[in-house]
Each structure stands twice: as C-alpha cells, then as structure tokens.
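In: Okay, here's the prediction I keep looking at, along with the sequence it came from:
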Amino acid sequence: MFKDKKTRNDLILGLAVIILAAGIWLVSELLKEDGAFAVVTVNGVETARYSLDTDAEIRLESENGGYNILTIKNGKADVVEASCPDHVCVDQRAISKTGEAITCLPNKTVITIEGEEEADIDFMS
C-alpha cells in the first residue's frame, strides 16, 4: 500500500498520537464533576459567588464601566450579554463543570465553576 516504510511509520505514529490525545481528553471529561458555584472575578479579585442551584440573572459591573449579564439557569452559568466589542464571552457555551470558565478580557471579568467548599483541615494540631 505504501511505497516506503518511512511514510507508513509516519502515518502509524500520527494515528497513535491522535488516539492517545483523544483518550486523554475523554478521561479528563469523564472525571469532571458538577460544580456548585459560579465564582466571579473582576480584575483578579473575587467579587461574588453564586449557587448554581438558584436561577438568577445578574449584571456584573467592571471597573472600566463595562458590564456582563450572567444568567444561571438549570445548573449552568452563561454570559448572555456584554458591553465588550468582540462578544467572545457571549459566544462561549454555558458552563457547569468544575474548572470550566468564561472570560471577558475587555471587562477583565472571569466566571469559573467551583465545587462544594471542602472543610478546612488543621494539620498542625
């Protein structure tokens, strides 16, 4: 089928890399847990924390006068409107799993999903 071994070996290596990458992605997706909170950070400072259990629509104001409208519905957080010119944050899908994020660079706003707060453990006692 292939005229030389190098082409065949390159194809085999390429397919192996693709299969490995797909496997790693699948495992990481399966290990993600449902989140409990949408955490809002503006200019690197946490400004609010909203439960994903309660439906809400919140206007998030940024320091530059811009805004984002965050909607929490059916356990998912989504930016449905923004004052930024590119609307990349609005075009992102709704998020609900721990570690997922929606970022609006012009408004310096990041919404991340976090799980239940773990109890603080004092290892010093």
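Out: That came in fine, so what should we check first? Numbering: from 1, shown residues only.

In: mind checking the SS state of Leu26?
Out: For Leu26, the reduced secondary structure class is helix; criterion used: DSSP: H, G, I helix; E, B strand; the rest coil.

In: Quick check: it vs Lys32, distance?
Out: In this view, Leu26 and Lys32 are 11 Å apart by Cβ to Cβ, to the nearest Å. From N, CA and C alone the C-beta is placed, and that goes for glycine too.

In: okay, these two: which has more neighbours?
Out: Between Leu26 and Lys32, Lys32 has the larger neighbour count (other Cβ atoms under 10 Å), namely 14 against 10.

In: right, and the more buried one touches Ser96 too?
Out: No - contact criterion Cβ atoms under 8 Å: Lys32 and Ser96 do not qualify, at 9.3 Å.

In: quick one: the helices in the protein?
Out: In the chain, helices defined by DSSP state H lie at 5-31, 88-91, listed in chain order.

In: what helices or strands is the lowest-mean-pLDDT helix or strand in the chain leaning on?
Out: Least confident helix or strand of the chain, by mean pLDDT, DSSP states H and E, is helix 5-31 with a mean of 89. Judged by 3 or more Cβ pairs under 8 Å, 6 or more residues apart in numbering; DSSP states H and E, helix 5-31 has no packing partners among the helices and strands.

In: how far is that helix from where the chain is centred?
Out: In this view, helix 5-31 has its centroid 24 Å away from the chain centroid, taken as Cα atoms, centre = their mean, to the nearest Å.

In: same question, stretch 66-82
Out: 13 Å.

In: Just the C-alpha atoms of it, please, in PDB.
Out: Output of stretch 66-82 as PDB, limited to C-alpha atoms (Å, rounded to 0.1, in the frame of the first residue of the first chain):
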ATOM      1  CA  GLY A  66     -18.400  47.800  31.100                       C
ATOM      2  CA  TYR A  67     -20.700  45.100  32.100                       C
ATOM      3  CA  ASN A  68     -21.600  41.400  31.600                       C
ATOM      4  CA  ILE A  69     -25.000  39.800  32.100                       C
ATOM      5  CA  LEU A  70     -24.600  36.400  33.800                       C
ATOM      6  CA  THR A  71     -27.600  34.000  33.700                       C
ATOM      7  CA  ILE A  72     -27.700  31.000  36.000                       C
ATOM      8  CA  LYS A  73     -30.400  28.500  34.900                       C
ATOM      9  CA  ASN A  74     -30.800  24.800  35.200                       C
ATOM     10  CA  GLY A  75     -27.500  24.400  37.000                       C
ATOM     11  CA  LYS A  76     -25.500  26.200  34.300                       C
ATOM     12  CA  ALA A  77     -23.800  29.700  34.100                       C
ATOM     13  CA  ASP A  78     -23.900  31.600  30.900                       C
ATOM     14  CA  VAL A  79     -22.900  35.200  29.800                       C
ATOM     15  CA  VAL A  80     -25.900  36.300  27.600                       C
ATOM     16  CA  GLU A  81     -25.000  39.900  27.100                       C
ATOM     17  CA  ALA A  82     -21.800  42.100  27.400                       C
END
